[in-house]
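Engineer: output the structure for:
(2 chains)
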Amino acid sequence: MIQVHNLTKRYSLERTVLNIPFLEIPKGQSFGLVGNNGAGKTTFFSLLLDLIQPSSGQINSGLIQVDKSEAWKPFTAAFLDESFLIGYLTAEEYFYFIGDLRGQNKADVDAVLKKHEEFFNGEILNSKKYLRDLSKGNMKKVGIIATLIGNPEVIVLDEPFANLDPTTVNRLKIIIKELADDPNVTILVSSHDLVHTVEVCNRIVALHLGEVVKDIQTSPETLKELEAFFAV
Amino acid sequence: MFKHFITLEWKAFFRSASFASNLVLKIIMALAALYFIAIFSALGFFGFKILEEQGLEPLATVNKYLIYYLVGDLVIRYFFQKMPVTNIKPLLSLPITRKVIVHFSLGKTAISFFNVMHAFFFVPFTIALFTHGYGYHAVLWSLAMMAMIFANNFINVLINNKNIVFYPLLALVVIFASTQYYHVFDITNYTQPFFQAMYATNYMFLIPIVLVAVTYYFSFDYFKKNLSLDTGLAKKSEEAKTENFTWLNQFGTLGTFLKNDIKLIKRNKRSRTTVIMSFLFLFYGFLFFNNPHQPAVMGIFAGIFVSGGFLFTFGQFVPSWDSAYYQLMMSQNIQYRQYLSSKWWLVVIATIISTILASFYLYFGIHTYMLIVVGAIYNIGVNSHLVLFGGAFVKTPIDLAMANRAFGDKQAFNVKTMLLVLPKLLLPVLLFGLGSSIMNQNLGLVFVALAGVLGFAFRNMVFSKIEKIYKSEKYATIAAYKQKN
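Structural biologist: Numbers count the residues shown, from 1 in each chain, chains lettered A, B, ... in the order given. The predicted structure is shown next:
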């Protein structure tokens, strides 16, 4: 589904923030990206979404080179941070807006919302609040659910577990696992939290200073291996 | 301590995204500032002479209209002057006393261009008074005037964001001005002796100085009291209501964007102010139509402004209105063409509404209204494209939510983007002038309207061009929008 060739991102000659010679993420995989701050996780996702320009190399998503054509947009959904939310809309309006852009009618969107009603914990729908007035955790919930609208084939979530309460983290894990089981959905998740990532992803890639240092299929030993790697 | 603040300010200024990318605009702004300084100084130096030649007592005349000068200053400040925000939040938890933070924030407003500018009028005028034998009392008067200006400065701090205070005040002044104009009641009969007393007596000049102290004290007090995260620095949240505007669904994707734009305008103070400004543009024509002091060619200038208020104030910030969530827009299933054309329609609809609202100009005759209609045609055909074109290069993020905070940065109206408007007005004036000099004003109107129709015919080509710019500027724009103020 996603191929990376000779991808680099550098802001100056000395400072290369990302350097991935080759990486392939097959369709249907649940792909976990772990690493410390500055490892290049968000940079990689931003490149994948063509929000920043690669210094060299390319990313193909569904055989489309992302910085050449926009044809990857219809099957891709992402939530990187709050700048993916429209602050002056209510949660419902935001979901319908995203639905409209993805060619979904109101009933389709309502079905998605109904399914994840529990995830919202009664604090978001009909809350009489604009998104800008929601707490960070609730904003995140809105952003995550919005990526599920319109059955995207590629879902990109940056740090989805951060800022969420323990119950919601568990609910989110269930949602991601369900998506991971769907052979049509390729899901990419980044996190600082090794435990969560190992639990929901069937492949883990660790980045360190912009380079891939680990690339493992999840097994019972994975967590130990990763913890050993990040140990101080 | 203040040294630290000053370095902070210095860095904030020179490290902002807009500074680096808009050096040319900075230069234009500096030129505009120099222009104002020159105008004010000239008024100060030659005002005395001019008033004298008109057979008026200069000082008394200035004092007579001073009340309007001061209120006008307050109005301008209300819309333009930025409020003191020294990134207060991160300072709160540092070992700095609240007093110091507030003193600095208020002190910063005192050295604003809005205060200094007036000295360029009052100082030369005082020198003129001095040389004409008005004595040392002229200095007292001058001191009092500058004190008034500073009092205005702090009054503005106090009433900032309080529309409930500001608009009634504005209404009151408009009423006084019109009653004076129609000789019903002349407020200046009461205010003039007061201002005159600043000169005539040895002690009256103390009143404005005390006023500065009092307003400073109150602003200080207000600031200090509200300097906590859940009061003055808190975001005020209003109760939200979901609106679906289903009637717009029939327009497909265009409708989706229009819905969003309507909500954007309705729910953010920043954009609401823009709409109010564009409404005020409707009355711009009164300065030009049937005014023998204005050359006839300026009629079309007014026509363009009357119908194009929204186009200029809103249009030139496309796509900055969406800056807060630009990353979303860029990764969603959105074609630039659709996005652009929805903004274009918004601007066009607003232009048509303005033109209909402006039908009261029919009072001046059909020719005057034709100026507006032709102006609208030109706006729709040419200027709508030009503003979108210009907007593609404007990379100033707009913080829609900012204006909701008590100490929010009031960016409601940006002087430097106003300057971009000028080229959009010169061409129609030239065309109109050309037509008028060849035959008559009607030919001028035909020329301008033709230009508008011609521009409309090239719409697709222009859109493709803008689309290309959007694409090539995409990464730079995203990067600039990420940097919030």
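
Engineer: OK, contacts around the residue in the stretch 351-485 of chain B that chain A sits nearest to?
Structural biologist: Nearest to chain A in the stretch 351-485 of chain B, going by CB to the nearest CB, is B:Tyr475, at a distance of 4.8 Å. From N, CA and C alone the C-beta is placed, and that goes for glycine too. Taking CB atoms under 8 Å, 6 or more residues apart in numbering or on different chains as the contact definition, B:Tyr475 lies against A:51-53.

Engineer: swap the cut-off to 10 Å and go again
Structural biologist: Contacts for B:Tyr475 (CB atoms under 10 Å, 6 or more residues apart in numbering or on different chains) come out as A:46, A:50-53, A:67, B:330.

Engineer: and it, what's its pLDDT?
Structural biologist: At B:Tyr475, the pLDDT value in this model is 89.

Engineer: ok so, going back, from the contacts of B:Tyr475, keep the buried residues only.
Structural biologist: Buried by 16 or more other CB atoms under 10 Å in any protein chain shown: A:46, A:50-52, B:330, out of those.

Engineer: helices along chain A, start to end?
Structural biologist: A:41-48, A:91-101, A:106-115, A:117-120, A:136-146, A:166-181, A:194-200, A:222-230 (DSSP state H).

Engineer: which among the ones you listed is found nearest to chain B?
Structural biologist: helix A:91-101 (4.0 Å).

Engineer: quick one: buried residues of the closest one?
Structural biologist: For helix A:91-101, by 16+ other CB under 10 Å, it's A:91-101.

Engineer: now mean pLDDT too, for the helices of chain A, in CSV please.
Structural biologist: What follows is these, written out as CSV (pLDDT from 0 to 100):
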stretch, mean pLDDT
helix A:41-48, 93
helix A:91-101, 91
helix A:106-115, 92
helix A:117-120, 91
helix A:136-146, 93
helix A:166-181, 93
helix A:194-200, 91
helix A:222-230, 87
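
Engineer: with distance to B:Ile155 added, can I get those helices in TSV?
Structural biologist: Shown next, in TSV, are the helices of chain A (distance: least, CB to CB, whole Å):
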stretch	distance to B:Ile155
helix A:41-48	46
helix A:91-101	39
helix A:106-115	49
helix A:117-120	46
helix A:136-146	37
helix A:166-181	48
helix A:194-200	55
helix A:222-230	58
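
Engineer: for the ones you listed, which one sits closest to B:Val174?
Structural biologist: helix A:91-101 (37.9 Å; CB to CB).

Engineer: save the buried residues of helix A:91-101 as a markdown table, and put in distance to chain B too.
Structural biologist: Formatted as a markdown table, the buried residues of helix A:91-101 follow (distance: CB to the nearest CB, whole Å):
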| residue | distance to chain B |
| --- | --- |
| A:Ala91 | 9 |
| A:Glu92 | 5 |
| A:Glu93 | 6 |
| A:Tyr94 | 10 |
| A:Phe95 | 10 |
| A:Tyr96 | 7 |
| A:Phe97 | 6 |
| A:Ile98 | 7 |
| A:Gly99 | 9 |
| A:Asp100 | 4 |
| A:Leu101 | 5 |
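
Engineer: and those, which is closest to B:Asn260?
Structural biologist: Nearest to B:Asn260 among the buried residues of helix A:91-101, with distances taken as CB to CB, is A:Phe97, at 6.1 Å.

Engineer: which residue is the nearest non-sequential neighbour of that closest one?
Structural biologist: B:Asn260 (6.1 Å; CB to CB, 6 or more residues apart in numbering or on different chains).

Engineer: next: A:Ile155.
Structural biologist: Per CB to CB, 6+ apart, closest to A:Ile155 is A:Ile187, 4.7 Å.

Engineer: quick check: pLDDT value at the one you found.
Structural biologist: A:Ile187 is given a pLDDT of 95.

Engineer: picking that back up, so which of the helices of chain A comes closest to B:Ser320?
Structural biologist: helix A:91-101 (19.1 Å).

Engineer: what angle separates that closest one from helix A:136-146?
Structural biologist: In terms of direction (axes from the mean of the first three to the mean of the last three CA atoms, to 10 degrees), helix A:91-101 departs from helix A:136-146 by 30 degrees.

Engineer: tell me the helices and strands packed up against helix A:91-101.
Structural biologist: Helix A:91-101 is packed against helix A:106-115, helix A:136-146, helix B:252-267, helix B:326-331, with contacts defined by 3 or more CB pairs under 10 Å, 6 or more residues apart in numbering or on different chains; DSSP states H and E.

Engineer: near chain A, which residues of the stretch 151-300 of chain B?
Structural biologist: Proximity of the stretch 151-300 of chain B to chain A (CB under 10 Å from any CB of the partner chain) is limited to residues B:235-246, B:249, B:252-253, B:255-257, B:259-260, B:263-268, B:271.

Engineer: give the buried subset of those as a ChimeraX selection command.
Structural biologist: To isolate the buried ones among those in ChimeraX, judged by 16+ other CB under 10 Å, type:
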select /B:240,253,255,256,257,259,260,263,264,265,267,268,271
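
Engineer: what is the burial count for B:Tyr136?
Structural biologist: For B:Tyr136, the neighbour count with other CB atoms under 10 Å in any protein chain shown is 9.

Engineer: ok, now how distant is it from B:Phe205?
Structural biologist: 11 Å (CB to CB, to the nearest Å).

Engineer: what of B:Ile96?
Structural biologist: In terms of CB to CB, B:Ile96 sits 36 Å off from B:Phe205.

Engineer: ok, those two, which is more surrounded?
Structural biologist: It is B:Phe205, of B:Ile96 and B:Phe205, that has more neighbours when counted by other CB under 10 Å, with 20 against 14.

Engineer: of the helices and strands packed on helix A:91-101, which is nearest B:Gly299?
Structural biologist: Closest among the helices and strands packed on helix A:91-101, using CB to CB: helix B:252-267, at 30.1 Å.

Engineer: which helix or strand lies directly C-terminal to that closest one?
Structural biologist: Using DSSP states H and E, the next helix or strand after helix B:252-267 towards the C-terminus is helix B:269-281.

Engineer: for the record, mean pLDDT for that following helix?
Structural biologist: For helix B:269-281, the per-residue pLDDT averages 82.

Engineer: which secondary structure elements does it sit against?
Structural biologist: Using 3+ CB pairs under 10 Å, 6+ apart, helix B:269-281 sits against helix B:58-80, helix B:163-181, helix B:252-267, helix B:298-315, helix B:336-357.

Engineer: got CSV for these, with distance to B:Lys465 too?
Structural biologist: Formatted as CSV, the helices and strands packed on helix B:269-281 follow (distance: least, CB to CB, whole Å):
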stretch, distance to B:Lys465
helix B:58-80, 33
helix B:163-181, 40
helix B:252-267, 20
helix B:298-315, 16
helix B:336-357, 11
